[in-house]
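1. coords please:
(one chain, ligands or ions: 1)
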Amino acid sequence: MVSTAGPLSPLEARPSPALGGEARVPGDKSISHRALILGALAVGETRISGLLEGEDVLNTAKAMRALGASVTRTGEGAWTVRGVGVAGFAAPTAPLDFGNSGTGCRLVMGAVAGCPISATFDGDASLRKRPMRRILDPLELIGAHAVDAAEGGRLPLTLHGAHNPIPIVYRSPVASAQIKSAVLLAGLAAPGTTTVIEPEASRDHTELMLRHFGAEIVSVRDGAHGRRISLQGQPELHGAAVLVPADPSSAAFPLVAALVVEGSDIVLTDVMTNPLRTGLFTTLREMGAQIEERPAAGNTGEPMAQLRVRASRLRGVEVPPERAPSMIDEYLVLAVAAAFAEGTTTMRGLTELRVKESDRLAATADMLRVNGVKVEIVGDDLIVEGRGHVPGGGLVATHMDHRIAMSALVMGLAAGAPVRIDDASFIATSFPDFVPMMRRLGAELS
Ligand code: S3P
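-> Numbering: from 1, shown residues only. Next up, the predicted model:
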């Protein structure tokens, strides 16, 4: 039942002519997971449009079914969920397999922790390596209990949910939306107020969507960069309509491709522009990127915009550590942009990159090095020496990580020689349409 590695599927990106045209990248992954989970915890019907139909999100949909919700696909990106109500999950009869997805797994752990049931959580070889203690610690304070975990609280593990969940005040040591969301989702079932304090503001989609579904939730500043988020427990969540905007973390790939492939001029539509997700756009603009933004509005409190991106001469910059939560998934592709820039780009405070789908700090450095770019890791900082061009010609190891795969392919579109990746199959976890969409924009991928 647990996902096993399929055959490798290598792919090559070749120096391409100018990219052009308009594209809508798939729905936001974070919002897609949350729409399914909150729909499953609400009473009544939730209609979702624009859902990301990538493997990560499909695994969350399966988990919601296994926990008792009715989840139906009614058309492309169109899904209907009938929920069971807060704390209403039923015990699944088989282990829940989250494949490659840390977000799906950790958020569902939070939702299960508030229910008086037991569930076994598992995933692929990449997810089995990732730390779960950071989630289990607060969930155990709420009254849940993990057993049979592999060393360090890793998967596979069985979570016994709390029979009488306790509202807690949790000061998270890490600025992680996954930790914050897991605590809030467990706190839904507790009487009274559950509070999470985060050292730096992380993406707030859970808070915005909880409010959209009828919960009472307040978020205030805490210190220079942090937030204190308080949720009133045991709300009546009601089903709601959710329009999922396009994922800025996926838009990052065609966007950087258009910046570095000479003569390019593309438009990306409906891109979510929540300020807690747009650190990459800020950084690229500081580097000299031409990104024009025309605002549009969604229905879940999430801002979105149309982005026109034109090929640009980029210069190296210093990226401060406090920007990391707002662009945590974008450093790989930023490193590609930095390699094509003139001058040094220093990205500071990247410790969290070590515990993503792969050790992304090491993998980014390797991806650049095998393609002739000078790069250094100093402590938790990544330093890329931009020379205005990239030799290319390398074979990049993707380590079961979709974002390494897509970043390396973007690099190959503008490098001096083709860039190959060992395995493109994990791209399907977040951006199943990546290759055909990039080809439609003019990219040479085969
Ligand atoms: C996510 C949060 C981030 C991010 C992940 C999606 C989310 O992880 O890397 O891809 O949807 O909450 P952390 O919260 O652990 O930084």
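2. Could you pull up the contacting residues of D247?
-> 25-30, 52, 271-272, 430-431 (CB atoms under 8 Å, 6 or more residues apart in numbering). The way it works is simple: take the backbone N, C-alpha and C, and place the C-beta from them, glycine included.
3. again, only using 6 Å
-> Residues in contact with D247, defined by CB atoms under 6 Å, 6 or more residues apart in numbering, are 25, 28-29.
4. And L107, by the same measure?
-> By CB under 6 Å, 6+ apart, the neighbours of L107 are 33, 37, 181-182.
5. Let me know the distance separating it from R354.
-> For L107, the distance to R354 (CB to CB, to the nearest Å) stands at 21 Å.
6. G394 now?
-> Taken as CB to CB, the spacing of G394 relative to R354 amounts to 22 Å.
7. again with I404
-> Applying CB to CB, the value for I404 to R354 is 14 Å.
8. Looking at those two, which one has more neighbours?
-> Shown here are I404 and R354; by other CB atoms under 10 Å, I404 has more neighbours (28 against 14).
9. so where does that one fall, helix or strand?
-> With secondary structure defined by DSSP states H and E, I404 is part of helix 402-414.
10. mind showing which ranges of the stretch 201-350 of the chain have poor pLDDT?
-> For the stretch 201-350 of the chain, applying pLDDT under 70 flags the ranges 298-299.
11. near the ligand, which residues of the stretch 201-350 of the chain?
-> Counting by CB under 6 Å from any ligand atom, the residues of the stretch 201-350 of the chain close to the ligand are 202-203, 328-329.
12. how does it look with 5 Å?
-> Residues of the stretch 201-350 of the chain that fall close to the ligand, judged by CB under 5 Å from any ligand atom: 328-329.
13. Show the residue spans covered by the helices in the stretch 201-350 of the chain.
-> The residue ranges that make up the helices of the stretch 201-350 of the chain, judged by DSSP state H, counting those that start in this stretch, are 205-212, 248-260, 279-286, 331-340.
14. Tabulate those in JSON lines, adding columns for mean neighbour count and distance to A42.
-> Listed next are the helices of the stretch 201-350 of the chain as JSON lines, based on neighbours: other CB atoms under 10 Å; distance: least, CB to CB, whole Å:
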{"stretch": "helix 205-212", "mean neighbour count": "22", "distance to A42": "10"}
{"stretch": "helix 248-260", "mean neighbour count": "27", "distance to A42": "26"}
{"stretch": "helix 279-286", "mean neighbour count": "21", "distance to A42": "31"}
{"stretch": "helix 331-340", "mean neighbour count": "28", "distance to A42": "35"}
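15. Save the ones you listed as JSON lines, and put in distance to P92 too.
-> Listed next are the helices of the stretch 201-350 of the chain as JSON lines, based on distance: least, CB to CB, whole Å:
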{"stretch": "helix 205-212", "distance to P92": "22"}
{"stretch": "helix 248-260", "distance to P92": "29"}
{"stretch": "helix 279-286", "distance to P92": "37"}
{"stretch": "helix 331-340", "distance to P92": "34"}
